[in-house]
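Asks: mind looking at a prediction? Sequence and model below.
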Protein chains: 2
Amino acid sequence: MTENDKQTEEKIFEAATDVFVEKGMDGARMQDIANHAGINKALLHYYFRTKDQLFSKVFEKIAGRMFSKLAPVFDEKIPLEEKIRFIFNAHISFMKDNPRLPGFILNEINRNPARIKKLLSTIEFGKVWTILCEQHKDELHKYNITQENLPQIMTTIASMSVFPFAARGILEGIFQNMGVNFDKYIEERKVFAAEFVIKAITK
Amino acid sequence: MTENDKQTEEKIFEAATDVFVEKGMDGARMQDIANHAGINKALLHYYFRTKDQLFSKVFEKIAGRMFSKLAPVFDEKIPLEEKIRFIFNAHISFMKDNPRLPGFILNEINRNPARIKKLLSTIEFGKVWTILCEQHKDELHKYNITQENLPQIMTTIASMSVFPFAARGILEGIFQNMGVNFDKYIEERKVFAAEFVIKAITK
DNA sequence: ATTACTTTTGACCGTTTGGTTAATCCTTAT
DNA sequence: ATAAGGATTAACCAAACGGTCAAAAGTAAT
């Protein structure tokens, strides 16, 4: 039955996602994925021919989910400061529910940079400046935002939200020594990061 | 001869460092390390008994080098703003020479958080606030720095310098579409990050 | 030259790995 | 009931893996 197919295929896909995210491409074992899915190992190769193919599909889905969370925000017609607050809130909330994804994605990209190239080529980052000018032309003069420093600002926003999760292992160790709770830190970061950036870019 | 011993041991250690940093613990192969060092595979196990032991020593040395670059700055008697500029300059310069280290360290910690615990326990992060108060008590009133938001500020500084290297694979892809040169971006970031943080924390 | 000791090697071992295959099971249409 | 075709399995395979071992090569003292 085609329904049953989908059930099994999805069961495998979810198990593969769990194992790959936890162990990474190199550390993951096909047998382990089969066990997680509750099926025979040969069935993995029946639905997804090789480990590489299975991994690629898992990775592309995860990376896609990650980027798609950010894109729609740019188009909304709200003030720039609210946009910044919304981005941090949405992105950090998403990562709080999927705390291992950032580290997983960053590592696998470093391990195989070519894999991300085609994914990125579909997104037109060159248009960000144009969109920014169109949507905020009447309030842009209040901020120190130029086409030249836009990469710096964008990567700063990304870094402030992503880094705490990518470096979670270190931070939790450090915070323990300082008596700081990681979850509370993350919750506070939504507001802190937004106000920090707004303060920094305001003329 | 003991000198020859050291030569071989260091040759192995350097080869292991290269391979581990490039492929990660799981992706690295003992045979590959032996080839890089130009020796027999059995000799690896003669000097470093197992793959785990070899990796641990490589990792601890690299992680130590990374952290030791930051610690001394805190003790110097220079104004806070200069300290911030110096930290970004020194840290980003170091990473520019060792661009794969950040991603490597972050990933291996996520893969095995316990490994970093003992390394971190030797550093007393709880004292940072005390040092900050002692060294800058007469200029601290000019900035929005409190014991409560110190973790947020410290992780922000770390994120702004580390993230561009940890996410290099993505950024280079994005920048290519935008006509931005990564090396130039990194060089500019030393100043941008420092001024960005100073602007944000100044009352 | 011989002894004693460390360093280096090629060959080897047991296990694990991703992947294959032929047979079985299950569903459905006739 | 049965034929057909896809879904699922146990058993298997060759290659790669980390690790071992006994022998060879090198070194230094007697």
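Replies: Arrived safely.
Asks: count the neighbours of residue A:121 for me.
Replies: Other residues near residue A:121 number 11, with proximity taken as other Cβ atoms under 10 Å in any protein chain shown. Bear in mind the C-beta positions are built from the backbone N, C-alpha and C, glycine included.
Asks: same check, this time on residue A:144
Replies: 14.
Asks: can you check residue A:86 too?
Replies: Residue A:86 has 14 nearby residues by other Cβ under 10 Å.
Asks: then the one 4 residues further on?
Replies: Residues lying near residue A:90 (other Cβ under 10 Å) number 16.
Asks: skipping adjacent residues, who's closest to it in space?
Replies: Spatial nearest neighbour of residue A:90, excluding adjacent residues (Cβ to Cβ, 6 or more residues apart in numbering or on different chains): residue A:69 at 6.2 Å.
Asks: give me the neighbour count for the one you found.
Replies: Residue A:69 has 15 nearby residues by other Cβ under 10 Å.
Asks: verify the stated contact: it with residue A:93.
Replies: No. With contact defined as Cβ atoms under 8 Å, residue A:69 does not count as touching residue A:93 (9.3 Å).
Asks: how about stretch A:7-19, does it reach DNA strand D?
Replies: Yes. Contact of stretch A:7-19 with DNA strand D (Cβ under 7 Å from any atom of the strand) involves residue A:8.
Asks: contacts for that stretch next, please.
Replies: Here stretch A:7-19 makes contact (Cβ atoms under 8 Å, 6 or more residues apart in numbering or on different chains) with A:28-29, A:32-34, A:36-39, A:43-44, A:47-48, A:54-55, A:57-58, A:61-62.
Asks: what about these, which are in helices?
Replies: Those of these mapping onto helices are A:32-34, A:36-37, A:43-44, A:47, A:54-55, A:57-58, A:61-62, per DSSP state H.
Asks: out of these, which are buried?
Replies: A:32, A:33, A:34, A:36, A:37, A:44, A:47, A:54, A:55, A:58, A:62 (16 or more other Cβ atoms under 10 Å in any protein chain shown).
Asks: tell me which helix or strand of chain A sits lowest on mean pLDDT?
Replies: Lowest on mean pLDDT, DSSP states H and E among the helices and strands of chain A sits helix A:71-75, with a mean of 74.
Asks: packing partners for that helix?
Replies: helix A:80-97, helix A:127-136 (3 or more Cβ pairs under 8 Å, 6 or more residues apart in numbering or on different chains; DSSP states H and E).
Asks: distance of the residue nearest the centre of chain A from residue B:155?
Replies: What sits nearest the mean C-alpha location of chain A, by Cα atoms, centre = their mean, is residue A:66, with 3.6 Å. The gap separating residue A:66 from residue B:155 is 20 Å, by Cβ to Cβ, to the nearest Å.
Asks: for residue A:87, same thing?
Replies: Distance of residue A:87 to residue B:155, computed by Cβ to Cβ: 18 Å.
Asks: same thing with residue A:89?
Replies: Counting by Cβ to Cβ, the separation of residue A:89 from residue B:155 is 18 Å.
Asks: of these two, who's got more company?
Replies: residue B:155 (23 against 15).
Asks: all set now, cheers.
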